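In: okay, structure incoming, though there's no sequence with it:
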């Protein structure tokens, strides 16, 4: 009998300080770069926007879409050049 090995997912928190933003989206290869699928919520107490995702182990590229403007994660030094000649932020789930 074959048994499937369960892949443990991990909760990953994404956040960005954008005090004057009215809308912030998280866009990456974990959601097929869908600009409308993963909104962040603004904290009532601070100017940070946040979203928690549960991801399988792997390496993921992502960016924030802040009021229509693409931004890498300023708090993450791991980056990769994309096919447009700009950079994406990288998160690795172990």
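Out: The structure has been received and is ready for your questions. These numbers were taken from a predicted model, which means no experiment stands behind them.
In: tell me the bridge partners for the residue lying closest to residue 55 once chain neighbours are set aside.
Out: Spatial nearest neighbour of residue 55, excluding adjacent residues (C-beta to C-beta, 6 or more residues apart in numbering): residue 93 at 4.9 Å. The way it works is simple: take the backbone N, C-alpha and C, and place the C-beta from them, glycine included. Here residue 93 sits in beta bridges with residue 58, going by DSSP bridges.
In: look up how far residue 10 lies from residue 93.
Out: Using C-beta to C-beta, to the nearest Å, one obtains 5 Å as the distance from residue 93 to residue 10.
In: what does residue 79 give?
Out: The value you get for residue 79 to residue 10, if C-beta to C-beta is used, is 21 Å.
In: and these two? Which one has more around it.
Out: Neighbours of residue 79 and residue 10, each counted by other C-beta atoms under 10 Å, are more numerous for residue 79; the result is 14 against 11.
In: residues contacting the more buried one?
Out: Under the criterion of C-beta atoms under 8 Å, 6 or more residues apart in numbering, the contact partners of residue 79 comprise 72, 87-90.
In: can you add distance to residue 59 and pLDDT and give those back as TSV?
Out: Converted to TSV, the contacts of residue 79 look like this (distance: C-beta to C-beta, whole Å; pLDDT from 0 to 100):
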residue	distance to residue 59	pLDDT
72	16	98
87	15	98
88	11	98
89	11	98
90	6	98
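In: going through these, which ones are buried?
Out: Buried members of these, counted by 16 or more other C-beta atoms under 10 Å: 72, 88-90.
In: how about JSON lines for those, with distance to residue 58 and secondary structure added?
Out: Shown next, in JSON lines, are the buried ones among the contacts of residue 79 (distance: C-beta to C-beta, whole Å; DSSP: H, G, I helix; E, B strand; the rest coil):
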{"residue": "72", "distance to residue 58": "19", "secondary structure": "coil"}
{"residue": "88", "distance to residue 58": "14", "secondary structure": "strand"}
{"residue": "89", "distance to residue 58": "15", "secondary structure": "strand"}
{"residue": "90", "distance to residue 58": "11", "secondary structure": "strand"}
